[in-house]
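Enquirer: Following is a predicted model, sequence given first.
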Amino acid sequence: MKKKVLAALMAVALTALTACGAAPAAPAASGSGDAAPAATDSSSSGSGKKVAVAMPTQSSERWMHDGANMKAQLEELGYTVDLQYAEDDVQAQVSQIENMIAAGADCLVIAAIDSDALVNVEQQAKDAGIPVIAYDRLLMNTDAVSYYATFDNKGVGTKIGEYIVQHADATPENPKTIELFMGSPDDNNAHMLYAGLMEQIQPLLDDGSLICKSGQIDFEDNNTLRWDQQTAMKRCEDILTRYYADEDLNICACAYDGLSYGCMSALEGAGYTDANWPMITGQDAELMATKHIISGKQTMSIYKDTRLLASKCVTMVQAVLEGATPEINDTEQYNNGKIVVPSYLCEPVPVDKDNYEEVIIGGGYYTKEQLAE
Ligand code: BGC
């Protein structure tokens, strides 16, 4: 039995890894969110144990893929999956997790909306002997979490920052204006991304190569609660009106594709055209964002292969339920305030016009046809 589970798990990991490399795999992403499973070994019969997966929202494409990939890969191993989305409603997620515990979940996988709000319910899980795994977003201030599967979150910010440094052509003699649109303050990832980004661009702000006319450089001034598109749009509109009446904004450093869409609407509303369109960054390489990269509306995004993340998380589920050993590559960075959580960090990959075909189409994430629709 254990052997079968292990073999199936290896098939999952192998297929997901292949999907990350040059050989195309079944597309993980489709408009309907029913991502294809990375695993194909239907001979495996799992334990029948119940894994409950709590996801933040269906309003963002990436979480649809994450949920679908987790469900498919866990079911492939014979687990029963209870997948629920809370539509960015903090209390709804608390209730969902309470219900998952009451319904007899054997393991909880949580991608938190506001992890501080989950501390009590995580304690309930611990008291009931249910292991908890943090998915993509760290669960803060709890010792109830066993493992954390994520992308290198500071690395996401570093890569966005490096891209700006390398491509903005900003010098003290020819400075560029920049505004920052960062993520949600209740999400640890947003803070790490900001730290990675600032490490790269601070020297250019210091020597006058980059100028932030609003002065909103501190995270407390440029974050976006719940990573909300409308909030980013309104803030961008306000900044353009107040600070860019006489000069163009050259760079929108956005921490997520949804924020980029918000900025694009604000820029269009303010009369920006191809002639003065700024560099716009993003994260997740959503289908829409990748189309924007092709058309030139968005400059770059960070590709995060959710199939790979799911496969790493599945090994952690295996570890807590079957006693297997999960792959861990970070035992230092993710201190949640109570414990340092053993983590696996997947590598984020910057994508732009020059490499999207190789990385995204070549990796089987979207097809040429999907991008042409
Ligand atoms: C994730 C990002 C995502 C953002 C908004 C973050 O926690 O790591 O990939 O863009 O949430 O959903």
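Expert: Ah, there it is. Numbers count the residues shown, from 1 in each chain.
Enquirer: need the contact list for K368.
Expert: By C-beta atoms under 8 Å, 6 or more residues apart in numbering, the contact set of K368 is I361. The way it works is simple: take the backbone N, C-alpha and C, and place the C-beta from them, glycine included.
Enquirer: gap between the residue lying closest to D248 once chain neighbours are set aside and L210?
Expert: The shortest distance from D248 to any non-neighbouring residue, by C-beta to C-beta, 6 or more residues apart in numbering, is to N276 (4.7 Å). For N276, the distance to L210 (C-beta to C-beta, to the nearest Å) stands at 17 Å.
Enquirer: same check, this time on E358
Expert: In terms of C-beta to C-beta, E358 sits 30 Å off from L210.
Enquirer: Those two - which one has more neighbours?
Expert: The residue with more neighbours, out of E358 and L210, is L210; 25 against 11, by other C-beta atoms under 10 Å.
Enquirer: Next, the more buried one: phi, psi?
Expert: Main-chain dihedrals, L210, degrees, to the nearest 10: phi -120, psi 140.
Enquirer: Need phi/psi at A54.
Expert: Taking degrees, to the nearest 10, you get phi -100, psi 120 for the backbone angles of A54.
Enquirer: Identify the residues contacting it.
Expert: Contacts for A54 were tallied using C-beta under 8 Å, 6+ apart; they are Q84, A86, Q93, Q96, I97, M100, L108, V109, I110, A111, A112.
Enquirer: Recalculate using a threshold of 7 Å.
Expert: A54 makes contacts with Q84, A86, Q93, Q96, I97, M100, L108, I110, A111, as judged by C-beta atoms under 7 Å, 6 or more residues apart in numbering.
Enquirer: Please, where are all the helices along the stretch 1-150 of the chain?
Expert: Secondary structure of the stretch 1-150 of the chain (DSSP state H, counting those that start in this stretch): helices at 2-20, 61-76, 90-102, 119-127.
Enquirer: Tell me the buried residues in the last one?
Expert: It refers to helix 119-127. V121, E122, A125, K126 (16 or more other C-beta atoms under 10 Å).
Enquirer: all helices of the stretch 151-300 of the chain, in order?
Expert: In the stretch 151-300 of the chain, the segments counted as helices under DSSP H, counting those that start in this stretch are 153-167, 188-206, 219-222, 229-243, 257-269, 287-295.
Enquirer: mind checking which of the ones you listed is nearest K304?
Expert: Closest to K304 of these is helix 153-167 (C-beta to C-beta; 7.9 Å).
Enquirer: name the helices or strands packed onto that closest one?
Expert: helix 188-206, strand 251-254, strand 300-303 (3 or more C-beta pairs under 7 Å, 6 or more residues apart in numbering; DSSP states H and E).
Enquirer: Let me know which of those is the nearest to the ligand.
Expert: The ligand lies closest to helix 188-206 among the helices and strands packed on helix 153-167, at 3.9 Å (C-beta to the nearest ligand atom).
Enquirer: Restricting to C-alpha, output that closest one in CSV.
Expert: The C-alpha trace of helix 188-206 is given here as CSV (Å, rounded to 0.1, in the frame of the first residue of the first chain):
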residue,chain,number,x,y,z
ASN,A,188,3.2,37.8,4.7
ASN,A,189,4.1,37.3,1.1
ALA,A,190,3.3,41.0,0.4
HIS,A,191,5.9,42.1,2.9
MET,A,192,8.5,39.8,1.6
LEU,A,193,7.9,40.8,-2.0
TYR,A,194,8.3,44.5,-0.9
ALA,A,195,11.6,43.7,0.9
GLY,A,196,13.0,42.0,-2.2
LEU,A,197,11.8,44.8,-4.5
MET,A,198,13.2,47.6,-2.3
GLU,A,199,16.6,45.9,-2.0
GLN,A,200,16.9,46.2,-5.8
ILE,A,201,15.5,49.7,-6.4
GLN,A,202,16.6,51.6,-3.3
PRO,A,203,20.0,52.5,-4.7
LEU,A,204,18.3,54.0,-7.8
LEU,A,205,15.9,55.9,-5.6
ASP,A,206,18.9,57.1,-3.5
